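> Sequence and predicted structure below; questions after.
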Amino acid sequence: IVNNKLVTTDGAGNIQAVSIGTAGQSLKVNSGANGFEFGTISSGTYSVHAFDDFYSHTQVAHSSQTDYVDISNGNTVNFQPTSTDDLIHFNYYSSVHTNNSDSGVHIYLMMKENSSSIGSGDTKLDYNGQHTEYGTGQSNNYRMLARGLILPCTGLNTSSTYYVEVAGATHSSNTTNFNRPNNGGNGGNYRGGFLQLIHYKKN
């Protein structure tokens, strides 16, 4: 090292000087793999960048077969990728009641770019079909449907904000009640329906 420059030679033996970097940077091979440079070495780890969540306390009843039921009552979470290497972790659930046998039900996520006005034609995430949860021969079936999803930001726009809601699907004409606040529960805000977003940024 001479005058804060690292002296190296190239493949032909020519002397080259690499200027010192800034605090915390390390010496590494350049992107062309033909020399050295100082820069930040990515460890491949992630740190939490942002949180968002909402609760749905309003029960939504539906009585026909469909891939899309709006069960979030206008609530959404949102994120804006800092890079396409980011990861978005979703946790979500809905308490569900079906009042007749032979009922199919499902919950999943819907996403829309740059608008919180989400509808049936927008992007489905984590969708497995109307038969994902199916009951036969049992009336008044109460259960909590809980799911999680890690969404890579590959292919998303870093200049866009993405809005996400929880949606439902049903597979019969029997009534399905989403976000049902069951008697005797003591979960406070956590009763009914819930969606949490954790945005991880790559270091």
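All right, it came through fine.

> Point out where the protein drops to low pLDDT.
1-6, 9-13, 24, 40-43, 100-102, 130-139, 182-191 (pLDDT under 70).

> Check the gap between the nearest residue to S64 once chain neighbours are set aside and G104 for me.
Spatial nearest neighbour of S64, excluding adjacent residues (C-beta to C-beta, 6 or more residues apart in numbering): S173 at 5.6 Å. Where you see a C-beta, it was placed from the backbone N, CA and C, and this is true even at glycine. As defined by C-beta to C-beta, to the nearest Å, S173 lies at a distance of 11 Å from G104.

> Of the two, which one has the most company?
G104 (20 against 12; other C-beta atoms under 10 Å).

> Isn't the more buried one up against G168?
No. Taking contacts as C-beta atoms under 8 Å, G104 lies outside contact range of G168: 10.9 Å.

> In three-state terms, label H49 for me.
strand (DSSP: H, G, I helix; E, B strand; the rest coil).

> ok, it touching N203?
No. Counting by C-beta under 8 Å, H49 stays clear of N203, with 10.4 Å between them.

> Comparing these two, which residue is more hemmed in?
Ranked by neighbour count (other C-beta under 10 Å), H49 and N203 place H49 first, with 17 against 11.

> What residues are bridge-paired with the residue lying closest to that one once chain neighbours are set aside?
What sits nearest to H49 in space, not counting adjacent residues and going by C-beta to C-beta, 6+ apart, is K201, at 3.8 Å. The bridge-partner assignment for K201, based on DSSP bridges, gives S47.

> Now do the contacts for K201.
46-49, 82-83, 86 (C-beta atoms under 8 Å, 6 or more residues apart in numbering).

> of all these, which comes closest to V18?
S83 (26.7 Å; C-beta to C-beta).

> Correct me if wrong, but A17 is in a helix.
No. With three-state DSSP as the criterion, A17 is assigned strand and is not in a helix.

> ok, what's across the strand from it?
Under the criterion used here (DSSP bridges), A17 is bridged to V7.

> can you check L151 too?
Applying DSSP bridges, one finds that L151 bridges with I88.
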